[in-house]
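In: here are the coordinates; sequence isn't available:
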């Protein structure tokens, strides 16, 4: 059996246990940086995957993640943050994690071999045509990830795979394969290190670009965030003030009219009569803030008040 890159010994690992702590940490830091750099080579594939994710969500489909172990934790982090960051409804996100919720307290290895269980979970989630599944596995051969991807494809689900070994089965089966060609781990096979770092970066990039495609980003602001705590209320007010040039009091008043929704609050602060008018502008602009602002300015210039 050919040795997987993720199982190989790192060139600088020899005598690691005999080195000074600072030297060990230096090697580990350099390896993480090198692993992160591997994501650059996957940019075209990540871009294609982000477009597919955005198309899925825009058309009313659901986005599912399927993975085990460290890859599952990377998927979980991305999936759980999408509703808060981009206002995507939680019922549009499906998380298939080997071992289920119990694995978050005791992440045993056996569930990652349960391909049949993964297939059942895909069926139980009623994933089908119009949905999209992202399967992750550092090795590209984890049975749970493979089982989920195969079952999803059989049900007409659009598929994305993220793996760190070239030529792996997971990548060969996906509609959009994303290869993160990370170097061997300093601790051989410990893919929570470099491979996990690269997966986390790739997922962040993919979901962020999807958010851009969906119109949930304006300049560098997450204008579709879900405001549910004091920190986010302050962030939302700063966004409204920055985009429109208004003061904080005006921004907070606008957010009060929209129950914390940033996009319509920006339009109110920019001159829209009320929340209903702001929502109407957004609907006509495909829920995108920039064209809605342009339409508002055009109407104001013509003497009409939206």
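Out: On my side now, so go ahead. Worth saying up front: this structure is predicted, and the values here are computed from it rather than measured.
In: residue boundaries of the helices in the stretch 151-300 of the chain?
Out: In the stretch 151-300 of the chain, helices defined by DSSP state H, counting those that start in this stretch lie at 169-173, 194-213, 230-244, 248-257, 262-269, 275-284, 289-301, listed in chain order.
In: Save these as a markdown table, and put in mean pLDDT, mean neighbour count and distance to residue 134 too.
Out: All C-beta atoms are positioned from the backbone trio N, CA, C, and that covers glycine. Formatted as a markdown table, these follow (pLDDT from 0 to 100; neighbours: other C-beta atoms under 10 Å; distance: least, C-beta to C-beta, whole Å):
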| stretch | mean pLDDT | mean neighbour count | distance to residue 134 |
| --- | --- | --- | --- |
| helix 169-173 | 97 | 19 | 11 |
| helix 194-213 | 96 | 22 | 8 |
| helix 230-244 | 93 | 18 | 26 |
| helix 248-257 | 94 | 18 | 33 |
| helix 262-269 | 96 | 28 | 27 |
| helix 275-284 | 95 | 18 | 29 |
| helix 289-301 | 89 | 17 | 27 |
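In: Between those, which one is closest to residue 106.
Out: helix 194-213 (19.0 Å; C-beta to C-beta).
In: And the strands in the stretch 1-150 of the chain, which stretches?
Out: 63-67, 93-97, 132-137 (DSSP state E, counting those that start in this stretch).
In: Of those strands, which stretch is the most buried?
Out: Mean neighbour count (mean count of other C-beta atoms under 10 Å) peaks for strand 132-137 among the strands of the stretch 1-150 of the chain, with a mean of 31.
In: hmm, back to that, mind checking the strands of the stretch 1-150 of the chain for the one nearest to residue 233?
Out: Checked against C-beta to C-beta, the stretch from the strands of the stretch 1-150 of the chain lying closest is strand 93-97, at 23.6 Å.
In: Name all residues that make contact with residue 285.
Out: The contact partners of residue 285, by C-beta atoms under 8 Å, 6 or more residues apart in numbering, come to 291, 292, 295.
In: Check residue 83 too.
Out: 89, 90, 93, 226.
In: What does residue 105 show for phi and psi?
Out: With angles defined as degrees, to the nearest 10, residue 105 sits at phi -100, psi -30.
In: what's near enough to touch residue 230?
Out: Residues in contact with residue 230 (C-beta under 8 Å, 6+ apart): none are found.
In: er, residue 85 I mean
Out: Remark: with contacts taken as C-beta under 8 Å, 6+ apart, residue 85 is in contact with 207, 211, 222, 225.
In: cool, residue 35 as well?
Out: Counting by C-beta under 8 Å, 6+ apart, residue 35 touches 182, 183, 193, 194, 195, 197, 198.
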